[in-house]
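Student: Could you work out the structure for the sequence below:
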Amino acid sequence: MASNFSPANGYESPDNQPSSMPGSVLKEPSFSTAHPLPQYACTARQPDELIRIFDSRIQVVRWQRQEDQVIRTYFQHALTSGALGGGFRTIIGAGERLRPTFLPNLPGQNIIVDDICQLSDIYSELLGCDAVGLRLEVLHSAMCPRFHVDRTGIRLACAYLGSGTEWIDDRWVDRSRLGLGSNGLSDEASGLFDHRTTVEAAAPFDVVFFKGLLWQGNNERGAIHRSPAVVPGSGPRVLLVIDAVWN
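Tutor: Modelled structure (predicted):
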């Protein structure tokens, strides 16, 4: 399998990613097209609306979900006991089920396995990929504290514990100030954005699709996002990341 995995970039996907999806998990979208879609980011109320990520203008799609207290309690216990460690990384084929042994054998294990498998199925059917790279990260500090754009196709992120990923609309952004263009200054001081820009953030359990530089026709755009700070005393974040893998 071609995974091109690195801690910074995850599983990089090729330029020939399909822009259509099978329909066994995701159905035809039921949202109204009477009004034009937002230019950069949009919110989905149900998974069939995640197809909006294929709109050339859209860089971020957030699927808002309710917190699952069983999953939340599971991860709290797994962290307190130390059984979760640093999380896990693995690749599973499209439609395959994650082995429960990747997670501590605690009450609620089957619920979190079911949720990860559901998200994997939705993602793999949406992109039409052969397999998915799964990362469950236990984060004691911000993994990527500066705003940046991923060198990926489309990436899924879901925070089970702690704050979700942050992003900004690029309407008033100077992309030349990303990375080394910041000249060592903070995002707020570098000129990357000004007072008109609002930092958006996903809530726990929200599922967010971020479009990267390697998505076809997106090499000069990509979702500008960063990891949130871990609030002292709040405990670590638990973050699930899914990337596409092709044979």
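Student: which intervals of the chain have sub-threshold pLDDT?
Tutor: 1-38 (pLDDT under 70).
Student: Check which helices and strands the lengthiest helix in it is in contact with.
Tutor: Ranked by residue count, the top helix of the chain under DSSP state H comes out as helix 109-127. Secondary-structure packing of helix 109-127 (3 or more CB pairs under 8 Å, 6 or more residues apart in numbering; DSSP states H and E): helix 69-81, strand 131-139, strand 154-161, strand 237-245. To be clear about C-beta, it is placed using only N, CA and C from the backbone, and glycine gets the same treatment.
Student: Mind exporting the C-alpha coordinates of it to PDB?
Tutor: C-alpha atoms of helix 109-127 as PDB (Å, rounded to 0.1, in the frame of the first residue of the first chain):
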ATOM      1  CA  GLN A 109     -14.600  -0.500  24.300                       C
ATOM      2  CA  ASN A 110     -17.100  -1.900  21.800                       C
ATOM      3  CA  ILE A 111     -18.800   1.500  21.600                       C
ATOM      4  CA  ILE A 112     -15.600   3.400  20.600                       C
ATOM      5  CA  VAL A 113     -14.600   0.600  18.200                       C
ATOM      6  CA  ASP A 114     -18.000   0.900  16.500                       C
ATOM      7  CA  ASP A 115     -17.600   4.700  16.300                       C
ATOM      8  CA  ILE A 116     -14.100   4.600  14.700                       C
ATOM      9  CA  CYS A 117     -15.400   1.900  12.300                       C
ATOM     10  CA  GLN A 118     -18.400   4.000  11.300                       C
ATOM     11  CA  LEU A 119     -16.100   7.100  10.600                       C
ATOM     12  CA  SER A 120     -13.700   4.900   8.700                       C
ATOM     13  CA  ASP A 121     -16.500   3.500   6.500                       C
ATOM     14  CA  ILE A 122     -18.000   7.000   5.800                       C
ATOM     15  CA  TYR A 123     -14.500   8.300   5.000                       C
ATOM     16  CA  SER A 124     -13.400   5.400   2.700                       C
ATOM     17  CA  GLU A 125     -16.700   5.400   0.800                       C
ATOM     18  CA  LEU A 126     -16.600   9.200   0.400                       C
ATOM     19  CA  LEU A 127     -13.100   9.100  -1.100                       C
END
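Student: who are the neighbours in contact with the residue lying closest to Leu134 once chain neighbours are set aside?
Tutor: Among residues not flanking Leu134 along the chain, Thr90 sits closest, at 5.4 Å (CB to CB, 6 or more residues apart in numbering). Taking CB atoms under 8 Å, 6 or more residues apart in numbering, we find Thr90 in contact with 98, 102, 133-134.
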